[in-house]
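K.L.:
following is a predicted model, sequence given first.
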Amino acid sequence: MTGLPSGRTVPVTVVIAARDEAANIAACIASVKWAREVIVVENDSADDTADIAVRAGAEVLRHRFVTIGGQRNAGIERASSEWILVVDADERGSAELGAEVFSIVSRPPPEAPESYRIPRRNFFLGNEIRHGGWERDAPVRLFRSTLRYSPNRVHEHVETRATPGVFRSALLHAPYATIGQYFEKLDRYSRWWAEDRFEQGRRAGAGSVVFRPPLRFLSMYGLKRGFLDGGPGAVLACLAATSVMAKYARLWAMGRGRPK
């Protein structure tokens, strides 16, 4: 499976939630140019993400941000296709991916599951990460337009009703262009994670702050063989441990009535 039949487009709507993604959005849209429709859901960008998306051929939907899942759901509501393909601005499709999507959405309905996991080839500062758990990354990204994302602020997911199928083709994913981007996301997501868990009644003791981070490092770097990715694997394991520390430290502080 190397590409689409000549002159064919894929009857699918690509939904991209994007904020301040001027550096990524044009290339992202170009990588799924085989899709019949591309909707970029944008909120409060300080750059020209929306203008670039329009010039690249996408429809732009401005929607007030509550959660990432909510942004994607807004795009799904606007979609004109029976099938949805969710792509992030820091991800790239391919002709092979388009061909596989085409083969699935063109089947008679009884033959196709309602959702599919798509593997991601993940890159960190230009290096492909093949271990440490990143190699198992395969979120549900292709699904029928009747499905929606969960309301979670962190670890949002498509609420499926049956076991998803699995793609052979992959999305290319480069989530962090710089170390600074990692820490920017860490601050936001650790705060959301702690707030959500606190509202659910969870609390954390100091022991969680002390012991969970090194356990995450050992799991990612040792048990999941992150060491095979060399220096980038070691740095990622350290960053993952830092993320765990930030989440539980915030939850601990909230339990003591301290600012998070």
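P.N.:
Ah, there it is.
K.L.:
poorly predicted segments of this protein, please.
P.N.:
Scanning the chain for pLDDT under 70 picks out 1-7, 108, 259-260.
K.L.:
contacting residues for the residue nearest to the spatial centre of it?
P.N.:
Among the residues of the chain, the one closest to the centroid is Asp88, at 5.9 Å (C-alpha atoms, centre = their mean). Asp88 makes contacts with 16-17, 28, 173, as judged by C-beta atoms under 8 Å, 6 or more residues apart in numbering. (C-beta placed from N, C-alpha, C; glycine too.)
K.L.:
show me those residues that map onto helices.
P.N.:
Cys28 (DSSP state H).
K.L.:
kindly reformat the contacts of Asp88 as TSV containing neighbour count and distance to Gly230.
P.N.:
What follows is the contacts of Asp88, written out as TSV (neighbours: other C-beta atoms under 10 Å; distance: C-beta to C-beta, whole Å):
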residue	neighbour count	distance to Gly230
Ile16	27	32
Ala17	27	32
Cys28	24	28
His173	20	19
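K.L.:
can I get the contacts of Asp88 in a markdown table including distance to Ser145?
P.N.:
Shown next, in a markdown table, are the contacts of Asp88 (distance: C-beta to C-beta, whole Å):
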| residue | distance to Ser145 |
| --- | --- |
| Ile16 | 16 |
| Ala17 | 16 |
| Cys28 | 21 |
| His173 | 24 |
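K.L.:
can you pick out the most distant pair from the contacts of Asp88?
P.N.:
Farthest pair in the contacts of Asp88 (C-beta to C-beta) is Ala17 and His173. Separation: 14.7 Å.
K.L.:
quick one: neighbours of Asp44, just the number.
P.N.:
Asp44 has 10 neighbours, counted by other C-beta atoms under 10 Å.
K.L.:
any idea how far Arg19 is from it?
P.N.:
Distance, Asp44 to Arg19, using C-beta to C-beta, to the nearest Å: 6 Å.
K.L.:
return every residue with contacts to both of these two.
P.N.:
With C-beta under 8 Å, 6+ apart as the test, Asp44 and Arg19 both reach Phe65.
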